[in-house]
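Have a look; sequence and predicted model below, questions after that.
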Amino acid sequence: MTLLSTLETPCLILDRSRLARNAARMTDRFANSGVQLRPHMKSAKSIDVARIALAGNFGGVTVSTLKEAEYFADHGIEDITYAVSVVPEKMPRIAALIKRGVKLGLITDQLAVAQDLSLRAQAEGVTLDVLIELDSGERRAGLLAGGSAVVDLGRALHELPGLRLTGVLTHAGNSYQCRGLADIQQVAEAERLSAVTAATQLRAAGLPCPVVSVGSTPTATHGLSWEGLTEMRCGVYMFGDVFQSEIGSHGLEDIAVSVLATVIGHRPDMNSALIDAGGLALSKDRSTGAPGLAEDIGFGMIMSEDCRRRIGSVRVGHVYQEHGMLTADGPFPFDQLPIGSRVRVLPNHVCMTAAMYDGYRVVDAGAGPVVDLWSRINGW
């Protein structure tokens, strides 16, 4: 039996019971809604997590890299949306997935890319399912619904050989800027209207649009209407993080992933202590430092070893490559954090934190023993 106290630190801890609860909550939200939940696996990158997230759903996933797509296909998942603007030079890997029987959805917002994909698809002897990417407010990538470019690209995807127009897709990443429930609901409605408007355009032009896909954890959690949608893609809801808790996507008690670290030094002269988890172990994401949030937790919130109790106002105030400096409001609680003691660090942005690890040490209900080791895929 492996106990938390025997693990080398830093390491990534996943609370299986919290994960299961979070996954079931989102699955239940879309049950009988007419909207299929296609979990985004870019945060978890783990087949063990995917199996929990897919329970009660239709079986398709979303990914952000082709390496993820290949990994999940290797584990039997055959309906995958690659939700990053496709680069034609990746055609050999894309074609290989399709030839092995994977239903692979691609996205683009570029007519020139569609034309290039058509040539490459013909050369590979495959047909590509392509969705039109829309910008519903994030201002990152995508076409604006209502504009003529949507129909122009749709017609190209429908008529060019080797391509099949599958639908439209958008992501309301701007929901992360919201600071209240009403704001999130407004962004969710804008996301929905963007997708539905573009789908209506395509259909009015005599073009097919079977898939109308949206998704972000805040809008999936708080949206009020799914009318006209066919699919929801969201991912961070499975794990949660402090930032998502501060914008109302879930509670602190729902955060399923943390970093186990050891206190390695005291600095009474600086009212601080050191842990063996720095920028590489925690990431340098500072999302809770954004204006309008309840609390800036630095580079991570400090919890007890069993992750059931926050230790005062202690946070990771500074990070170096392999050192984290703990700070606190008021006198530092050195008596609660002796050298050699273990803490759990709740991350600002779980996707970034998990990215440095090759697996999860799995526990149930916060504390040890460690019941399993789940691998994850990294890279591109």
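That came through, no problem.

wait, Thr188 sits on Leu224?
Quick fix: residue 188 reads Ala, not Thr. Yes: in this structure, Ala188 is within contact of Leu224 by Cβ atoms under 8 Å, at 6.9 Å. From N, CA and C alone the C-beta is placed, and that goes for glycine too.

So these two - more neighbours on which side?
Ala188 (25 against 11; other Cβ atoms under 10 Å).

For the more buried one, list the residues it contacts.
Counting by Cβ atoms under 8 Å, 6 or more residues apart in numbering, Ala188 makes contact with Ala172, Ser175, Pro218, Thr219, His222, Gly223, Leu224.

ok, now with 10 Å
By Cβ atoms under 10 Å, 6 or more residues apart in numbering, Ala188 lies in contact with 136, 172, 175, 178, 214, 216, 218-226.

how close does it get to Gly137?
Distance, Ala188 to Gly137, by Cβ to Cβ, to the nearest Å: 10 Å.

what is in contact with the two at once?
Residues touching both Ala188 and Gly137 (Cβ under 10 Å, 6+ apart) are Ala172, Ser175.

residue ranges with poor pLDDT in the chain?
Residue ranges of the chain with pLDDT under 70: 366.

Kindly recompute the last result at 80.
Applying pLDDT under 80 to the chain flags the ranges 1, 366-368.

how close does the residue lying farthest from the centre of it sit to Phe334?
Distance from the C-alpha centroid of the chain peaks at Asp269, with 40.0 Å (Cα atoms, centre = their mean). The gap separating Asp269 from Phe334 is 12 Å, by Cβ to Cβ.

Now Gly368. Its backbone dihedrals?
Main-chain torsions, Gly368, degrees, to the nearest 10: phi -70, psi 180.

Distance check, it against Glu305.
As for Gly368, its distance to Glu305 is 9 Å (criterion: Cβ to Cβ).

what's the overlap in contacts for those two?
With Cβ under 10 Å, 6+ apart as the test, Gly368 and Glu305 both reach Leu4, Ser5, Ile13, Leu260.

what sits against the first one?
When contacts are counted by Cβ under 10 Å, 6+ apart, Leu4 touches 11, 13, 260, 305-307, 342, 344, 361, 363, 366-370.

Need the CA coordinates for the helix or strand that contains Thr219. PDB is fine.
Assigned by DSSP states H and E, Thr219 belongs to helix 217-222. What follows is helix 217-222, C-alpha atoms only, in PDB (Å, rounded to 0.1, in the frame of the first residue of the first chain):
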ATOM      1  CA  THR A 217     -16.900  25.000 -18.800                       C
ATOM      2  CA  PRO A 218     -18.500  28.300 -17.600                       C
ATOM      3  CA  THR A 219     -21.100  28.500 -20.400                       C
ATOM      4  CA  ALA A 220     -21.800  24.700 -20.200                       C
ATOM      5  CA  THR A 221     -22.300  25.100 -16.400                       C
ATOM      6  CA  HIS A 222     -24.500  28.200 -16.500                       C
END
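
helices or strands next to that helix in the packing?
helix 16-30, helix 181-204, helix 242-246 (3 or more Cβ pairs under 10 Å, 6 or more residues apart in numbering; DSSP states H and E).

Can I get the ones you listed in CSV including distance to Met301?
Converted to CSV, these look like this (distance: least, Cβ to Cβ, whole Å):
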stretch, distance to Met301
helix 16-30, 15
helix 181-204, 22
helix 242-246, 5
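
out of the ones you listed, deepest packed?
Compared across those, helix 242-246 shows the largest average neighbour count, a mean of 22 (mean count of other Cβ atoms under 10 Å).

Assumed Val49 was part of a strand.
No: with DSSP: H, G, I helix; E, B strand; the rest coil as the criterion, Val49 is helix rather than part of a strand.

all strands of the stretch 51-200 of the chain, in order?
For the stretch 51-200 of the chain, the strands defined by DSSP state E, counting those that start in this stretch occupy 61-63, 79-85, 103-108, 128-134, 163-170.
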